[in-house]
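Participant: Here is the input, now give the coordinates:
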Amino acid sequence: MSDLALHKYLPRLPDAALQEFIEWCVLEQAKAAECNFTPDRSKLDNLPPADYIPKLVDQFMKVKPDPIKAGLVAAIAGKEADKHALSGLAIAADFVSLYVKYLIPKEGSTREQAEELLTKASQHQCEKLTEIAKKYGVEF
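Facilitator: Numbering: from 1, shown residues only. Presented below is the predicted three-dimensional model:
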């Protein structure tokens, strides 16, 4: 996958792959934004992806290391995700990947440093999405 625009690939993935990608975003990649999230598994266990993903995203969105930045980033990610006009669980995967990516640049970074961090975060997301897709038999 050479195009870093994940929204083009998300609709091609089965729900289980989208769930795995979202989990990776909120549990692993979000650590780079100092957003250490531990989900309440008792509320998630044994749920199908259609129920699990919204509940996981809801739990994650309540964790805000910097509430002002998180609110601004959520608005930006939501606006961008809306433009992609996805449906189903791909919407949640798109929003979460954008939200986490935009949380990563730290306060006080120069524009160039922030753009570099965003590019690295996008590349990392693409690599992980490709890895998960292959596991589910989807090639990009």
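Participant: can you pull the contacts of the nearest residue to Pro11 once chain neighbours are set aside?
Facilitator: With C-beta to C-beta, 6 or more residues apart in numbering as the criterion, Pro11 has its nearest non-adjacent residue at 4.7 Å, and that residue is Ala90. C-betas here are computed from N, CA, C, even on glycine. Ala90 makes contact with His7, Leu10, Pro11, Leu13, Leu18, according to C-beta atoms under 8 Å, 6 or more residues apart in numbering.
Participant: try 10 Å this time
Facilitator: Contacts for Ala90 (C-beta atoms under 10 Å, 6 or more residues apart in numbering) come out as Leu6, His7, Tyr9, Leu10, Pro11, Arg12, Leu13, Asp15, Leu18, Ala81, His84.
Participant: hang on, the last one packs against Leu10?
Facilitator: By that I understand His84. Yes. Using C-beta atoms under 10 Å, His84 is in contact with Leu10, at 8.6 Å.
Participant: Nearest the middle, which residue of this structure would you pick?
Facilitator: Nearest to the mean C-alpha position of the chain, by C-alpha atoms, centre = their mean, lies Ser97 at 2.2 Å.
Participant: SS state for it?
Facilitator: Of the three states, Ser97 takes helix under DSSP: H, G, I helix; E, B strand; the rest coil.
Participant: Repeat that for Ile91.
Facilitator: Per three-state DSSP, Ile91 ends up helix.
Participant: I appreciate the help and will end here.
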